[in-house]
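> starting from these lines, generate the structure:
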Amino acid sequence: MSDFEYQLLDKEKKIEILDRQLLEMEVQRFSLEMSEPSRLQGEPQQYTQWQAAMLQFDTGIDKLRKAKFKTENG
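Just a heads-up that it's a prediction; the model follows:
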């Protein structure tokens, strides 16, 4: 997180924003999970791309969770 001093954005609002972002990312990840392509049928590249997208969501969600924890406790 940066050292920028927010004047109007307090801790509670930051947590609300992080919660909304987390919810949106979890919804998107869930939707992507429901569209998992078959490993056996179709193009192997399609599954690899899907797997990479899932990893990006996992990484993004993890970063947001850490940012929320830091905001709540920091």
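> for the chain, which segments count as helices?
In order along the chain, the chain carries the following helices (DSSP state H): 11-34, 44-73.
> now render the ones you listed as JSON lines, adding distance to residue 5.
Any C-beta I mention is one placed from the backbone N, CA and C, and that applies to glycine too. As requested, those are exported to JSON lines (distance: least, CB to CB, whole Å):
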{"stretch": "helix 11-34", "distance to residue 5": "13"}
{"stretch": "helix 44-73", "distance to residue 5": "15"}
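> and of the ones you listed, who's closest to residue 2?
helix 44-73 (11.3 Å; CB to CB).
> list the buried residues in that closest one.
Taking 16 or more other CB atoms under 10 Å as the basis for neighbour counts, the residues of helix 44-73 that come out buried are 47, 50, 57, 61, 64, 67, 68.
> pLDDT for those - can I get that in TSV?
Compiled in TSV, the buried residues of helix 44-73 are given as follows (pLDDT from 0 to 100):
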residue	pLDDT
47	92
50	95
57	98
61	98
64	98
67	96
68	97
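> ok, the most centrally placed residue in the chain - contacts?
In the chain, the C-alpha nearest the mean C-alpha coordinate belongs to residue 61, at 2.9 Å (CA atoms, centre = their mean). If a contact means CB atoms under 8 Å, 6 or more residues apart in numbering, then residue 61 has 22, 25, 26, 29 as its contacts.
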